[in-house]
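Visitor: Please find the sequence and the predicted model below.
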Amino acid sequence: MKGRFFEALDRVNNVSLNEDERREILLRLLLLPSSIEGIKAFLDFVKNGIPFTIRRGDEVVRKQIFLFDFDDVDNNDFLVVKEFEVEENERRRRFDLCLFVNGIPLVVIETKSPFREEEKGTTWFDAYRDILEYERDVPGVFKYVQFCVVSDGYETRYFPNYYAGDYSGSLWVWKSFYPFSEEEIKPLKVFPYLDSTIFGMLSKGNLLDLVKNFIFVKRYRDTYVKIIARWMQFKAANLIVRRVVEERDKKLDLALARFG
C-alpha cells in the first residue's frame, strides 16, 4: 500500500517528492495516536492538508500536502481488499472487506452470510460485534477508518468508529441511491438496503464527499465523538448545493447574454 500512497501524494499534489519527504509524511500519519485525538488530527489532515516544507537546493516551498483529490474523483486510487489482515501487538485480525483510497483504509466492512453453513444463524449484529473486537485488538488502523459497514444481506448498517466501545446508538441505515435512481440500480428486493449502501453511500464520489463534508469530530461534554451524516441529510444538502449552483449559472448566463 505504501507504493499506492506515495504515487497518490505526487499525483494529487502535482509534486515530485523525494524518498525522505515521502517517509516524513508517512511517519506523521503513522505516529498519530490510536485515540479520538488521533482520529481528530487525521481528519484535519484529510480536510485541510498536511503543512509541509519542500526544499530544493536554496529554494524553500511551504505548502499543504493533500491526501485526496476532492475536486477530481478519478484522480484518486480506489481499491477493495478482501480478507484484509492486520497485525498489532502480536494480535492478528482479518477484515472481510476494506476500502482503500490512495493507499489509506477508509471503510471496514464485515459481513455474515446466513446461507453459509459455518455462519448459519448469524446476523449483522454478529458482524458488528466482530468489528468491536477488531477495534480493541488492532486499534492502529481505526484512526484512519472513517466508518464501518456491517451486513447479513437482509440488514445493512453503518456507524462512525472512534474507540467508543459501543455504537448501539449510532447504527444507521443508508436508504438512498442518490445520485443514482432505483430504476438505474434495480436492487434486489430481498436485500433492501444492501444495494443502497453500495451505490448510494460507497460510490466513489459519495464516499469522498462524505469524508470531506459530512464526517466531523465534535466535543460532547468532557470528550469528543465522531459524527456522520444520515442519508437524508446528505441528499438534502447536495440537492440544495446543486440548486444554488444551477441558479447562479442561470443568472451568469443571463448577464452574459444581456451585456455581451
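Guide: Received the coordinates, thanks.
Visitor: Where do the strands of the stretch 1-150 of the chain begin and end?
Guide: Along the stretch 1-150 of the chain, the stretches classed as strands by DSSP state E, counting those that start in this stretch are 50-56, 59-65, 78-88, 91-101, 104-111, 147-151.
Visitor: Same list, those, but as JSON lines with mean neighbour count and mean pLDDT please.
Guide: The C-beta positions use only the backbone N, C-alpha and C, and glycine is treated the same way. JSON lines is the format used below for the strands of the stretch 1-150 of the chain (neighbours: other Cβ atoms under 10 Å; pLDDT from 0 to 100):
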{"stretch": "strand 50-56", "mean neighbour count": "13", "mean pLDDT": "87"}
{"stretch": "strand 59-65", "mean neighbour count": "11", "mean pLDDT": "87"}
{"stretch": "strand 78-88", "mean neighbour count": "13", "mean pLDDT": "93"}
{"stretch": "strand 91-101", "mean neighbour count": "18", "mean pLDDT": "95"}
{"stretch": "strand 104-111", "mean neighbour count": "22", "mean pLDDT": "96"}
{"stretch": "strand 147-151", "mean neighbour count": "25", "mean pLDDT": "96"}
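Visitor: got these as a markdown table, with distance to K189 columns?
Guide: Listed next are the strands of the stretch 1-150 of the chain as a markdown table, based on distance: least, Cβ to Cβ, whole Å:
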| stretch | distance to K189 |
| --- | --- |
| strand 50-56 | 45 |
| strand 59-65 | 46 |
| strand 78-88 | 25 |
| strand 91-101 | 23 |
| strand 104-111 | 19 |
| strand 147-151 | 16 |
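Visitor: Any idea which of those gets closest to Y134?
Guide: Closest to Y134 of the strands of the stretch 1-150 of the chain, according to Cβ to Cβ: strand 91-101, at 4.7 Å.
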